[in-house]
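1. show me how the following folds:
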Amino acid sequence: MTALTEKIPAFCDGIQYFGEPLPGFDAHSQAPAIAEGTRAIAAVNDPAAIYQTLLYADALRYLMLQVCASKGSGHPGGFASQAEAYASLVMLGHKNIVTEVGHHAPGFYSAMFLDRSLEEMDIFTVQQLRDRFRERHGLLGHLSGQIPGLLSPAGPLGQGQHFGMAAALLNPGTLFPFTIGDGGLGEPYIMSAFGHFHTAYPNTTNFLPILVWNGYSQEHHSMVSLKTNEQMMAYWHGNGFEEVVLVDAKDFDDQNQSGDYVDSTAFSFEQRLEFTQAVLAGVDEASRSALGGKLTVFIIKQLKGSGVHALGAKSHNLYPKDTLDAPHIVTALQSRALTPKTWELVRTNCERAGGGPAAKTVVTEFERDLPDLGTLPLEEYPVGGDPKVSTTAMGALVGHVGQCDRTFLVTNADGNEASGIGNINKALKIIHPTPDELYNQSPTGQVYEPLSEDACAGLAAGLALMGGRTLWCSYESFAINGLPIWQTVTQAMAELRRPTPATITLYTAGALEQGRNGWTHQRPEIEAYFAAMMRNGNVFPLFPPDANSIQACYDWALTAQNKGIVITASKSPLPIRTTVEQTREALQSGAILLEEASGSKTVVFAVVGDMVINPVYAAAQQVAQQGLGYRIVSIVSPRRLYRPTDVAWDSCSQPDGAFLDDAGFTTLFGGDALIGITGGASGMLEPVMLRATCPRDTLAWKRGETTASAGELMDFNGITDGAIAQTATRLLNESN
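-> Got it, this is the predicted structure:
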C-alpha cells in the first residue's frame, strides 16, 4: 500500500486501503474520458476511455467487496465477473440498467454511490455506504424500488427480462440493458418470454440482455457451464436473437489459467486493457444493434468472482467469517486498491455519464404522463333485473380504457373468450402476426396472450411499475404461476418514491364454476396468498357481488396508485343485487348490506364472493322461518375491515389508511351470531373474525372435486343452505 501524499476526496471517507497508481495513469488520466457537458465517451477506441473504463470496473469491485465485508454478508461474486460490461454501459452513457439477479445488488449500490444517486438517501461517503448496507432504511440485500436510480426490484429469477421489456415498450429510443446470470439460464421462462414478446413487438428491440456467463450458479456449476462458445451463440440464435456479441476473457489470458472460465484481473496489465477494450467495443456494438432494430444479446464470459475474495461459487456469498480483518478479504481489497485521484476521476465520469446521476435521469425517476380516460361508460343494471355476467360488464370498460390509452395492455394466458371477456378482444384485438377478424387478431392489438402466466403477470406488472396502465386476466386456478413477480412488484410499489398506476388483475372462472373440469381447475387457495398480502398495506383483493359492483371496482382501481388490486368475479350470469353507488361506498367501508330482516335474534352472514351468495339467501329464509332475524353482508374489500394496526399501511410511500371504524363495523357485522362464508380461502374472512365478538364460525372451501354443477361442488365443501342454516342455529343456541 502507498503512503498517501495526495488529498483524499471527502466521499472516500471509509475506504480501507489506497494503492499505487496503475501503469499508464499519468498518460491516460489527464482529463475525464467523459468530457464536461457530454453524456458518454467520445470513441470506444480512445485509449483514455478504455483505460478509465478499466479503472471504473476496479472501483466497482473494490467498493462492493468492502461494503459486503463490512457486514460479513452480501453477494459480490456474480457482479464482479461482469464489472467491465457494467462499466462499459455507463461509460457509453447508458444508465437505465435493470437486473434479473438480486444478488448483483452490492454492485448496483456501488454504481449508484459513485454517480452520487445515493445522496438522495443522505449517503455521501463510503463509510455511510458501509453503515447502511443491508440495514433497515438503508440498502436492502436485494434491489428494491426505493433505492434512488434503480429502475426495478430484483428477487426471484425470471423477472428482470420482464422489467427490461416493459421499460423498452414504454420508452422507445432508450436502451434498457439488464443482466442475466447463467445460473438461471437453464430455466425455460427467460427464453419463452423473449420469444413471445419479440413475436408480438418485433420493432421493440431497445432492451439488451447482458448474459453474465461465469460458469457457476449460487452453490455449484451452472447448468450451462459445459456449453462451448459456439453452442451458446447457437442457443441464442436459435431462440430468435439476430445479433449475439460474445467476449470471452480466456481469449486474452496470458497467465495460462486452467479451465474455460478465467479471471481477467489476473492478466498482465496490458492484457487487462485489451480485454476491457474488447468488452467496451462489444457492448457498444450490441447497444447500437439493439437500438437499431435487431434483437440482440451481449455475453461476457469470465470466471465468477473475478477480482474479489474468492473464485467460482465460493465467491457468491460472504459469511460472518468474511470480515474486513480476514486475511483473504484484506488481500483482495489491497489488490484492487486505487489512488485518491483515481477515485475522483471515476466519480467524475460516473456523475457525467448519461447526463447526470441515475437518480436524476433514469425513466423511473419521473411520473409518467398518461392519456385522460374521461368518464368511464358505466352501464348500471336495475337491481332485481335480469342476471348479468360480471366479467363481461367489466370487459366493456376495459375496451374503453384501451381505446383512450393506446399504451394500455391486457394480458391473458388462457384466453379472454373463456372468461366471459371476449368483448375485450373485439375492442382491442389480440396481438398476433396473423391478422384475422374471426379471431380478433391484429399485429397492432393490445391483448397479449403468451401461454405463460409468468409472462402475462411479468409484462403487465412490469409495465405498471414503469408507469403504464395494464390488466392481467387469469383463471384463478392458473394464476399462481404468475404471482411471484406480481408480489415483487406490489412490494416495490409500496416503497416507490413516485406514484405509478396500480397493477390490476381480474381472476375469473372461479372454482365453483369449474365443476366438470375437476380439481385441476379449482384452485381458490390462491385467495389465501392475497389474504396474507393484505397486511402489506397496499394490496386490495376485491370481490364484487354483481355486474354493477365490478364496474365500480374497476373504475376505482383505475384511479389507484402504487397498489396491487385483485378483482375476482364469476363468468356466469348472476342476479343484480347492488347499485354502483353502494360499491363506491363499500370500497371505503369494506362491505355492502344486501338484505336484512328483524327477529328475536340476529345472525349475520358475512359473504366473500358472488356465486356463493345464492345459498346464503336460501339459508336466510330458513332462519327467518324460525322467527330469527338476519343480515346478509357482501364483503367487497376485506382489507378495509382490518384494524389499522393490523396492516403496514403507514409504511407505504402512497399510504391508504382508510379502515372501517368500530361503530361502522358493529352496524354491519354486529349481531348474536356471525357466519363467514366464502367459496374460496377462509383467510379472506380474517378481518371480520378478528373484530367480531359474538359466537362465530366459518364455512369455506376445502378442496376440489369433479362435479356436475356449482351447487354440487358447494355441497361437497359443506357450503349449502342447509349447512349454513344449521350453523346459524347452533351459534345462536351457544349465545344463550
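2. going forward, measure contacts between C-alpha atoms and count neighbours the same way
-> Fine.
3. state the distance from Arg535 to Leu118.
-> Remark: distance between Arg535 and Leu118 (CA to CA, to the nearest Å) = 29 Å.
4. which of the two has more neighbours?
-> Leu118 (24 against 18; other CA atoms under 10 Å).
5. just give me the residue closest to the centre of the protein.
-> Closest residue to the average C-alpha location of the chain: Val489 at 3.0 Å, with CA atoms, centre = their mean.
6. what helix or strand is that one on?
-> helix 483-495 (DSSP states H and E).
7. which strands and helices sit next to that helix?
-> The contact analysis (3 or more CA pairs under 8 Å, 6 or more residues apart in numbering; DSSP states H and E) places helix 483-495 against helix 453-465.
8. and the helix it packs on, what does it pack onto?
-> Using 3+ CA pairs under 8 Å, 6+ apart, helix 453-465 is in contact with helix 160-170, helix 189-200, strand 409-412, strand 470-475, helix 483-495, strand 503-508.
9. give me the neighbour count for Leu438.
-> Neighbour count for Leu438, taken as other CA under 10 Å: 7.
10. kindly apply the preceding question to Asp251 instead.
-> Neighbour tally, Asp251, other CA under 10 Å: 11.
11. ok, now Thr296?
-> Neighbours around Thr296, by other CA under 10 Å: 27.
12. list the contacts for the nearest residue to it once chain neighbours are set aside?
-> Closest residue in space to Thr296, ignoring its immediate chain neighbours: Glu243 at 4.6 Å, by CA to CA, 6 or more residues apart in numbering. Neighbouring residues of Glu243 by CA atoms under 8 Å, 6 or more residues apart in numbering: 237, 286, 289, 294-297.
13. same check on Ala33?
-> 41-42, 48-49, 52, 349.
14. swap in Val447?
-> By CA under 8 Å, 6+ apart, the contact list for Val447 reads 409-412, 424-425, 428-431.
15. closest one to Gly195 out of these, please.
-> Ile431 (13.6 Å; CA to CA).
16. wait, the closest one touches Gly445, no?
-> Yes. When contacts are counted by CA atoms under 8 Å, Ile431 is listed as touching Gly445 (4.3 Å).
17. coming back round to it: I'd like the helices and strands packed on helix 453-465 laid out as JSON lines, including distance to Gly307 and mean pLDDT.
-> As requested, the helices and strands packed on helix 453-465 are arranged in JSON lines below (distance: least, CA to CA, whole Å; pLDDT from 0 to 100):
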{"stretch": "helix 160-170", "distance to Gly307": "25", "mean pLDDT": "94"}
{"stretch": "helix 189-200", "distance to Gly307": "28", "mean pLDDT": "90"}
{"stretch": "strand 409-412", "distance to Gly307": "43", "mean pLDDT": "96"}
{"stretch": "strand 470-475", "distance to Gly307": "43", "mean pLDDT": "93"}
{"stretch": "helix 483-495", "distance to Gly307": "31", "mean pLDDT": "92"}
{"stretch": "strand 503-508", "distance to Gly307": "41", "mean pLDDT": "95"}
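18. got those as CSV, with distance to Thr228 columns?
-> As requested, the helices and strands packed on helix 453-465 are arranged in CSV below (distance: least, CA to CA, whole Å):
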stretch, distance to Thr228
helix 160-170, 24
helix 189-200, 19
strand 409-412, 37
strand 470-475, 39
helix 483-495, 32
strand 503-508, 41
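19. quick check: phi and psi on the residue nearest to Thr296?
-> phi -120, psi 130 (degrees, to the nearest 10).
20. kindly report the same for Ile300.
-> Torsion angles, degrees, to the nearest 10, at Ile300: phi -110, psi 120.
21. identify the bridge partners of it.
-> On the basis of DSSP bridges, Ile300 is bridged to Val212, Val247.
22. would you confirm that it contacts Gly215?
-> No. Contact criterion CA under 8 Å: Ile300 and Gly215 do not qualify, at 11.1 Å.
23. ok, back up a step: to Val330, which of the helices and strands packed on helix 453-465 lies closest?
-> Comparing these by CA to CA, helix 160-170 comes nearest, at 33.3 Å.
24. output the closest one as PDB, nothing but the C-alphas.
-> Coordinates of each C-alpha in helix 160-170 appear next as PDB, following Å, rounded to 0.1, in the frame of the first residue of the first chain:
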ATOM      1  CA  GLY A 160     -35.600  -9.000 -14.800                       C
ATOM      2  CA  GLN A 161     -36.300  -9.500 -18.500                       C
ATOM      3  CA  HIS A 162     -40.000  -8.500 -18.000                       C
ATOM      4  CA  PHE A 163     -38.900  -5.200 -16.400                       C
ATOM      5  CA  GLY A 164     -36.500  -4.600 -19.300                       C
ATOM      6  CA  MET A 165     -39.000  -5.400 -22.000                       C
ATOM      7  CA  ALA A 166     -41.700  -3.300 -20.300                       C
ATOM      8  CA  ALA A 167     -39.500  -0.300 -20.000                       C
ATOM      9  CA  ALA A 168     -38.400  -0.700 -23.600                       C
ATOM     10  CA  LEU A 169     -42.000  -0.900 -24.800                       C
ATOM     11  CA  LEU A 170     -43.000   2.400 -23.000                       C
END
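25. buried ones in it?
-> 160-170 (16 or more other CA atoms under 10 Å).
26. what's the answer for stretch 624-632, then?
-> Neighbour counts over stretch 624-632 (16+ other CA under 10 Å) mark 624, 628-632 as buried.
27. let me know the closest of the residues you listed to Thr392.
-> For those, the nearest to Thr392 is Ile632 (25.5 Å; CA to CA).
28. on that earlier part again, quick one, the helix holding Val489 and strand 470-475 angle?
-> Put simply, helix 483-495 runs at 150 degrees to strand 470-475, going by axes from the mean of the first three to the mean of the last three CA atoms, to 10 degrees.
29. how far off centre is helix 483-495?
-> 5 Å (CA atoms, centre = their mean, to the nearest Å).
30. what does stretch 354-374 give?
-> 18 Å.
31. CA atoms only: put that stretch into CSV for me.
-> Taking C-alpha atoms only, stretch 354-374 is exported to CSV below (Å, rounded to 0.1, in the frame of the first residue of the first chain):
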residue,chain,number,x,y,z
GLY,A,354,-26.0,9.6,-19.1
GLY,A,355,-26.5,13.3,-18.4
GLY,A,356,-26.1,13.1,-14.6
PRO,A,357,-26.8,10.8,-11.6
ALA,A,358,-29.2,8.0,-12.4
ALA,A,359,-31.4,9.3,-9.6
LYS,A,360,-31.9,12.4,-11.7
THR,A,361,-32.1,10.9,-15.2
VAL,A,362,-33.5,7.3,-15.5
VAL,A,363,-37.0,6.9,-16.6
THR,A,364,-38.4,5.6,-13.4
GLU,A,365,-37.4,8.7,-11.5
PHE,A,366,-40.3,10.6,-13.2
GLU,A,367,-44.1,10.1,-13.0
ARG,A,368,-45.3,9.1,-16.4
ASP,A,369,-47.9,11.2,-18.1
LEU,A,370,-51.0,9.1,-19.1
PRO,A,371,-53.8,9.8,-21.5
ASP,A,372,-57.0,11.0,-19.9
LEU,A,373,-59.7,8.3,-19.8
GLY,A,374,-62.6,10.7,-19.4
